[in-house]
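> structure for this input, please:
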Amino acid sequence: MRSFKNIATLVRSKRIGHPKNYSQSDLSLLLGYKNGQFISNVERGLCNVPLKMMKKISEVLDINPDELKAAILKDHEETLTNYFNKATTTKKLPTRDLENVEVV
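Here you go, the predicted model:
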């Protein structure tokens, strides 16, 4: 499962702590979206900020690009860890005992 919790936490904290105190709808409109659902989804960790919006969200919320990059990389790292942990814990299919199989 993909992880977006670091970018979610960063965007939410920067939006709420911003001097203009943007609502989710305000921020979404500034980014070119029609309603606050996009920012709501980002802040709940359901999706990432699209690459084409990175610079704009960085500028609007006064997020240092390195801080934004670090949050995204941490999310990717967690996603990969989750993937590899899941892959190693999946159950193996039972194998047939080929010694007792009758060949016809």
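> can we go C-alpha only for contacts and neighbour counts from here?
Will do.
> give me the low-pLDDT residue ranges for the chain?
The model of the chain has pLDDT under 70 over residues 90-104.
> and the longest helix for it?
helix 65-89 (DSSP state H).
> what helices or strands is that helix leaning on?
helix 5-17, helix 54-60 (3 or more C-alpha pairs under 8 Å, 6 or more residues apart in numbering; DSSP states H and E).
> how far off centre is the longest one?
Using C-alpha atoms, centre = their mean, to the nearest Å, the distance from the centre of helix 5-17 to the centre of the chain it belongs to is 12 Å.
> the longest helix of the chain vs helix 5-17, what angle?
Computed by axes from the mean of the first three to the mean of the last three C-alpha atoms, to 10 degrees, the angle separating helix 65-89 from helix 5-17 equals 150 degrees.
> how about helix 65-89, which residues are buried there?
In terms of neighbour count (16 or more other C-alpha atoms under 10 Å), helix 65-89 has its buried residues at 68, 71-72, 74-76, 78-79.
> what lies in contact with stretch 23-31?
15-16, 34-40, 53, 56-57, 60 (C-alpha atoms under 8 Å, 6 or more residues apart in numbering).
> phi and psi next, for N21.
phi 50, psi 60 (degrees, to the nearest 10).
> from E78, how far out is it?
30 Å (C-alpha to C-alpha, to the nearest Å).
> then A71?
11 Å.
> for S23, same thing?
On the measure of C-alpha to C-alpha, S23 and E78 end up 28 Å apart.
> count of residues packed around H18?
H18 is flanked by 13 other residues according to other C-alpha atoms under 10 Å.
> so it makes contact with I63?
No. H18 is beyond contact range of I63, at 10.0 Å (criterion: C-alpha atoms under 8 Å).
> tell me which element L27 is part of?
Using DSSP states H and E, L27 sits within helix 24-30.
> hang on, the earlier thing: make JSON lines out of the buried residues of helix 65-89 and add distance to T89.
Below are these laid out as JSON lines (distance: C-alpha to C-alpha, whole Å):
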{"residue": "L68", "distance to T89": "32"}
{"residue": "A71", "distance to T89": "27"}
{"residue": "I72", "distance to T89": "26"}
{"residue": "K74", "distance to T89": "22"}
{"residue": "D75", "distance to T89": "21"}
{"residue": "H76", "distance to T89": "20"}
{"residue": "E78", "distance to T89": "16"}
{"residue": "T79", "distance to T89": "15"}
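> nice, that's everything, thank you.
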